[in-house]
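Enquirer: With the input below, show me the fold.
(chains A and B)
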2 protein chains.
Amino acid sequence: MPLPRAITTLIGEFSRLPGVGKRGAERMVFDLVSASPERLESLIGSLRSVLEEVELCPTCGFFISNGECGLCCGRSRDCGSILVVESPQEVLAVENAGGYRGLYHVLGGHLSPLKGVGPGDLRMDTLSQRLANEEVQELILATSPTVEGDATALYIAREYHRDGLTITRLGRGVPMGGS
Amino acid sequence: MPLPRAITTLIGEFSRLPGVGKRGAERMVFDLVSASPERLESLIGSLRSVLEEVELCPTCGFFISNGECGLCCGRSRDCGSILVVESPQEVLAVENAGGYRGLYHVLGGHLSPLKGVGPGDLRMDTLSQRLANEEVQELILATSPTVEGDATALYIAREYHRDGLTITRLGRGVPMGGS
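Expert: Below you'll find the model as predicted:
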């Protein structure tokens, strides 16, 4: 293939993105290369600001930029309940749906012994600290409706069970594949 | 939405890529933000090398990096025929299929009066220069099998018709939507 090495490298980088195959990555890269240099510059600039500005909130695990988390305990949130999710995308889904005004806790994945993911690889220690230090009355487990998600929820429910803390799991009944 | 501005900007940039919607862009950006800083650095590096190294061959219009085009007239190519395509991706498809050893000419699009794309917006002048200066016996029109592609092929066939030059069009018969 007579493609310049810079292009094949970029295609490789793009095809590592979720939901992008080799052909899709090719289309994206060709579109970028054929576009104006300004567009590439602006993409590079955006990536750099994400790299430099965005970090994870040490408490809830969602993205923050200026060291302040708008989702953590504050005037506008109900600090009595924590919704435990696997990834920041689920926080966004719940926020966009509206209705929930409590706190969040992003685990960063689910337990998966086969892939070598144990409680130590997730943000479990932060969760136990929060349960010890914050006045939490309810823990809502919104892990994914898969075997691993269920196992993670079960682990949390058993591990953090204590008087005065209600542990609930999200209602089910989504269509197949709708998770 | 409580997302940092850097992330929403990046989602906007990604959703401009071909075949990527807002949700897909969100997934990609979240994957990148959650990934290691090294991966983001390497993506930025690859984009920058594409921006700095890659340019279009002034003759055929395909991507080159060190000023030398491996697809233009050289020892390994048959310089008597030129395959006219709309975009660099089609060059790649033909090259990967193997079999064709002639030259290429990338137009950079097709004629589309409704969108204001005339012959002056495509690489037609370079094509006419090549036909005047190179010893070309055959011009193969491989524009896309759409109304605009046909119109472009017809335009070229009428415009560059001359004795000693065979102008052909690619065989058709692809399934609906398979173009």
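
Enquirer: tell me the SS of the nearest residue to residue A:6 once chain neighbours are set aside?
Expert: For residue A:6, ignoring the flanking residues on the chain, the nearest one in space by Cβ to Cβ, 6 or more residues apart in numbering or on different chains is residue B:49 at 4.2 Å. Where you see a C-beta, it was placed from the backbone N, CA and C, and this is true even at glycine. Applying DSSP: H, G, I helix; E, B strand; the rest coil to residue B:49 yields a three-state assignment of helix.

Enquirer: Same check on the one 10 residues further on?
Expert: When the structure is reduced to helix, strand and coil (three-state DSSP), residue B:59 reads as coil.

Enquirer: Roughly how far does the closest residue to it other than its chain neighbours sit from residue A:122?
Expert: For residue B:59, the nearest residue in space outside its immediate sequence neighbours is residue B:72; the separation is 5.1 Å by Cβ to Cβ, 6+ apart. In this structure, residue B:72 and residue A:122 are 55 Å apart, going by Cβ to Cβ, to the nearest Å.

Enquirer: And for residue A:146?
Expert: In this structure, residue A:146 and residue A:122 are 15 Å apart, going by Cβ to Cβ.

Enquirer: These two: who's more crowded?
Expert: residue A:122 (22 against 13; other Cβ atoms under 10 Å in any protein chain shown).

Enquirer: Got the confidence number for the spatially closest residue to that one that is not a sequence neighbour?
Expert: Leaving aside its sequence neighbours, residue A:122 sits nearest to residue A:107 (Cβ to Cβ, 6+ apart; 4.5 Å). At residue A:107, the predicted lDDT confidence score is 92.

Enquirer: what's the burial count for residue A:107?
Expert: Using other Cβ under 10 Å, residue A:107 has 23 other residues around it.

Enquirer: so who does it touch?
Expert: Contacts of residue A:107 were listed using Cβ atoms under 8 Å, 6 or more residues apart in numbering or on different chains, and they are A:61, A:84, A:85, A:86, A:122, A:123, A:124, A:127, A:143, A:152.

Enquirer: Residue A:24 is in contact with residue B:24, isn't it?
Expert: No - under the criterion of Cβ atoms under 8 Å, residue A:24 lies out of contact with residue B:24, with a separation of 9.6 Å.

Enquirer: any idea which helix or strand carries residue A:39?
Expert: Using DSSP states H and E, the element containing residue A:39 is helix A:37-53.

Enquirer: Extract the C-alpha set from that helix and format it as PDB.
Expert: Included here for helix A:37-53 are C-alpha records, laid out as PDB according to Å, rounded to 0.1, in the frame of the first residue of the first chain:
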ATOM      1  CA  PRO A  37      -5.200  22.600   7.800                       C
ATOM      2  CA  GLU A  38      -7.200  24.800  10.200                       C
ATOM      3  CA  ARG A  39      -9.600  21.900  10.900                       C
ATOM      4  CA  LEU A  40      -6.700  19.600  11.800                       C
ATOM      5  CA  GLU A  41      -5.100  22.400  13.900                       C
ATOM      6  CA  SER A  42      -8.400  22.900  15.800                       C
ATOM      7  CA  LEU A  43      -8.800  19.100  16.400                       C
ATOM      8  CA  ILE A  44      -5.200  19.000  17.800                       C
ATOM      9  CA  GLY A  45      -6.000  22.000  20.000                       C
ATOM     10  CA  SER A  46      -9.200  20.400  21.400                       C
ATOM     11  CA  LEU A  47      -7.300  17.200  22.100                       C
ATOM     12  CA  ARG A  48      -4.600  19.100  23.900                       C
ATOM     13  CA  SER A  49      -7.000  21.100  26.000                       C
ATOM     14  CA  VAL A  50      -8.700  17.900  27.000                       C
ATOM     15  CA  LEU A  51      -5.300  16.400  27.900                       C
ATOM     16  CA  GLU A  52      -4.300  19.400  29.900                       C
ATOM     17  CA  GLU A  53      -7.600  20.600  31.500                       C
END
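
Enquirer: That one vs helix B:37-53, what angle?
Expert: The directions of helix A:37-53 and helix B:37-53 differ by 160 degrees, with axes from the mean of the first three to the mean of the last three Cα atoms, to 10 degrees as the criterion.

Enquirer: got the contact list for helix A:37-53?
Expert: Identification of contacts with helix A:37-53 by Cβ under 8 Å, 6+ apart yields A:32, A:65-66, B:4, B:6-7, B:9-10, B:13, B:16, B:29, B:32-33, B:37, B:40-41, B:43-44, B:47-48, B:50-51.
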